[in-house]
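structure for the following, please:
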Amino acid sequence: MKLSCEVLKTDILIIGGGAAGCFAALSASQKPSIQIIIVDKTNIKRSGCLAAGVNALNAYISEDETLDSFVDYVKNEFNDVVREDLVYTIAKRLNEVTNKIEKMGLTILKDESGNYVSRGKRSIKINGENIKPILAKAVYDRENIRVLNEVNIVDYIIKAGEVIGAFGFSISEEKVYVIYSKAAICTTGGAAGIYKPNNPGFSRHKMWYSPFNTGAGYAMGIRAGAEMTTFEMRFIALRCKDTIAPTGTIAQGVKTPQINGNLEEYVKRYGKPTTINRLYSTVMENVNGKGPCYLKTQGITESQVQDLFKAYLNMAPSQALSWFDRKIDPSKENIEVEGTEPYIVGGHGASGYWIDTNRKTSMNGLYAAGDVAGGSPKKYVTGCFAEGEIAALSALKDIENKKLRIMSQNEINKKIEHLEKFFTNESQFKVEELEEAMQKVMDEYCGGISENYGYTYKKLVIGEKRIDELLQLSKDLRADDLHELLFIYELIDRLYVAKIVIAHLKARKETRWKCYEQNRDYPEKDDTNWRKYVNSIYKDGRVNIVFRDLVERKEVYEHKN
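Here you go, the predicted structure:
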């Protein structure tokens, strides 16, 4: 297959059309003279983590909360190792961006006094099935935003250490895109599908995180030599068994406790009921023979049952459909819970690009926001909006009087040839076979479900070797069409992310976040030596680990070295 080439030029290029990407585009478009291109490998109307909707905004500063109490909450949940400056600057914008999305048309539930209806201390209820179409419409309404749907960005274009654009291919036309920009904002989300999932075979994509978020933005940054942070803080969700539907909908919606197979409330035995401990305690109860574990819904009212059905139909319809199909009445039968496979995500965990307070990465010309940006967990939807806005405003300021730079035609031709070779390769393997092998390696050697999330240094070394072998095999895969080419690149991106995850797990010699980072060689937290960030820079095929000091909430961090 021969691919044609289209060259585009813009002021700001946004890679990824999810929550952060759309909000970044809208924020940058406030300056009419600025031209923006937003690129998505699917369609911004239903892409990213909000594709199926959401039933709450889980990061909001309510009347009983302050900016400092929000930062304290995030800091305490993650045992001090977070970027307080990033969390603080997000917190300052949470209510403002909430107001903006409501004005775009999002329904936020209100009580008789006109106040938002709370779902928790920092959470408000919404009717959010259409949140992504609302964002997409707002984007399409801006004359200075161009949307490229069904285009997969492969790598950044780099000149003298500066990101000057990006390179990708259409999945619907036989075409390559070379897009030059004065600034690029990466908003591609985190990575699912790296570990063996809860459900095998046909149902393997029934998971907590969007299965279409494959770590592309991470991988592009890794290959380009950007500094990355905290990949050892994997995120593992506690979910309803099999459907992998949210447990918070029940736990916060009808205020139910977690109980074990003996009907005992167990979470407090393991410490404070943090997000991490709700998961860890469930794993340990099962390990100790006290499972299965449940959310206690027996005895809730008929009104509460109906509320749960409505909530799930608005966000995770598989749970409501499962109850219908199996004739389950939550008021008469408790709901079993389990942990998911690990995900790499900077919105619930802290994995991602190492950024400064203005969301600049360590590479000139490149910014990051949302799940792809590291250091600040508990962002949720509104946090991603806030970071998209911060990155856009920072980019607008930095591109004043900046000129576009381009690469030579010879360099373009080499990139096209690299893509086209996948159509002529000969390989004895298929993408799915290598993907399954990767997931098996990560599960068994790098702390997956089958290992109750624990790992040892010796196992990580084996996992590292096998991931390198799979990465080498992936370069010889064959694509018969553009869709298969997309799958190949998704696999390659996941393998690069897996490589960095392993390096970070090896580097942190303690267990700071139970299950998320369950180091069996060092099972205890070590505040004396490990209250710091584990960062990495990939160069010449090697992962170089860098340690960074903690950044406090009112510091303005800038890259210095």
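
confirm that Gln306 sits in a helix.
Yes: assessed with DSSP: H, G, I helix; E, B strand; the rest coil, Gln306 lies in a helix.

find the nearest non-adjacent residue to Thr297, please.
Of all residues not flanking Thr297 in the chain, Pro330 sits nearest, at 4.2 Å (C-beta to C-beta, 6 or more residues apart in numbering). Placement of C-beta: from N, CA and C, glycine included.

next one: the one you found, what pLDDT does it get?
For Pro330, the pLDDT comes out at 94.

just Asn561 next, same as before
pLDDT recorded at Asn561 is 64.

Ser27 now?
Looking at Ser27, its pLDDT stands at 98.

excluding chain neighbours, what is closest to it?
According to C-beta to C-beta, 6+ apart, the nearest residue to Ser27 is Ala392 (3.8 Å).

cool, Val178 as well?
Val178 sits nearest to Val7 (C-beta to C-beta, 6+ apart), 4.7 Å away.

which strand or helix spans that neighbour?
strand 4-15 (DSSP states H and E).

so for that strand, what's the average pLDDT?
Rounded mean pLDDT across strand 4-15 is 98.

look at the nearest residue to Leu8 once chain neighbours are set aside and report its pLDDT.
Spatially, and ignoring its direct neighbours in sequence, Leu8 is nearest to Ile179 (4.7 Å; C-beta to C-beta, 6+ apart). As predicted, Ile179 sits at a pLDDT of 98.

give me phi/psi at Ile179?
phi -120, psi 110 (degrees, to the nearest 10).

can you name the residues bridging to it?
With DSSP bridges as the criterion, Ile179 is bridged to Leu8, Ala166.

what secondary structure does the residue nearest to Ser27 sit in?
Ala392 ends up helix, using three-state DSSP.

residues near it, how many?
For Ala392, the count of nearby residues is 29 (other C-beta atoms under 10 Å).

who's in contact with it?
Residues near Ala392 by C-beta atoms under 8 Å, 6 or more residues apart in numbering: 12, 23-25, 27-28, 185.

for Arg494, see how far away the residue most central in space within the chain is.
By C-alpha atoms, centre = their mean, the chain has its centre lying nearest to Gly190, at 2.8 Å. Per C-beta to C-beta, to the nearest Å, Gly190 is found 11 Å from Arg494.

what touches both of those two?
Gly215.

isn't there a strand covering Ile545?
Yes: Ile545: assigned to a strand according to three-state DSSP.

so it is in contact with Tyr538, correct?
No: at 10.7 Å, Ile545 does not count as touching Tyr538 under the criterion of C-beta atoms under 8 Å.

if you count what's nearby, which of those two comes out ahead?
A direct count of neighbours by other C-beta under 10 Å for Ile545 and Tyr538 places Tyr538 higher, at 21 against 13.

residues contacting the residue lying closest to that one once chain neighbours are set aside?
Spatially, and ignoring its direct neighbours in sequence, Tyr538 is nearest to Ile222 (4.7 Å; C-beta to C-beta, 6+ apart). Taking C-beta under 8 Å, 6+ apart, we find Ile222 in contact with 228, 496-497, 499-500, 538.

please repeat the previous calculation with a cut-off of 10 Å.
215, 228, 231, 353, 493, 496-497, 499-500, 536-538, 543 (C-beta atoms under 10 Å, 6 or more residues apart in numbering).

list the buried residues in stretch 259-272.
Across stretch 259-272, burial judged by 16 or more other C-beta atoms under 10 Å covers 259-260, 266-267, 270.

just stretch 487-507 next, same as before
Buried residues in stretch 487-507, defined by neighbour count with 16+ other C-beta under 10 Å: 487-507.

now that stretch, how far from the chain's geometric center?
14 Å (C-alpha atoms, centre = their mean, to the nearest Å).

ok, now stretch 422-440?
Centroid displacement of stretch 422-440 relative to its chain, using C-alpha atoms, centre = their mean, is 25 Å.

got the CA coordinates for it in PDB?
Extracted C-alpha coordinates of stretch 422-440, given in PDB (Å, rounded to 0.1, in the frame of the first residue of the first chain):
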ATOM      1  CA  PHE A 422       4.300  -2.800   7.800                       C
ATOM      2  CA  PHE A 423       2.200  -3.600   4.700                       C
ATOM      3  CA  THR A 424       5.100  -5.700   3.200                       C
ATOM      4  CA  ASN A 425       6.500  -7.300   6.400                       C
ATOM      5  CA  GLU A 426       6.400 -11.100   6.900                       C
ATOM      6  CA  SER A 427       5.700 -12.300  10.400                       C
ATOM      7  CA  GLN A 428       4.600 -15.600  11.900                       C
ATOM      8  CA  PHE A 429       2.600 -13.700  14.600                       C
ATOM      9  CA  LYS A 430      -0.500 -11.700  14.700                       C
ATOM     10  CA  VAL A 431      -1.100  -8.600  16.800                       C
ATOM     11  CA  GLU A 432      -3.600 -10.400  19.100                       C
ATOM     12  CA  GLU A 433      -1.000 -13.100  19.800                       C
ATOM     13  CA  LEU A 434       1.700 -10.700  20.800                       C
ATOM     14  CA  GLU A 435      -0.900  -8.600  22.800                       C
ATOM     15  CA  GLU A 436      -2.000 -11.700  24.700                       C
ATOM     16  CA  ALA A 437       1.700 -12.600  25.400                       C
ATOM     17  CA  MET A 438       2.400  -9.100  26.700                       C
ATOM     18  CA  GLN A 439      -0.600  -9.300  29.100                       C
ATOM     19  CA  LYS A 440       0.500 -12.700  30.300                       C
END
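
quick one: buried residues of that stretch?
422-423, 427, 431, 434-435, 437-439.

over to stretch 533-543?
Applying 16+ other C-beta under 10 Å to stretch 533-543 flags 533-538, 543 as buried.
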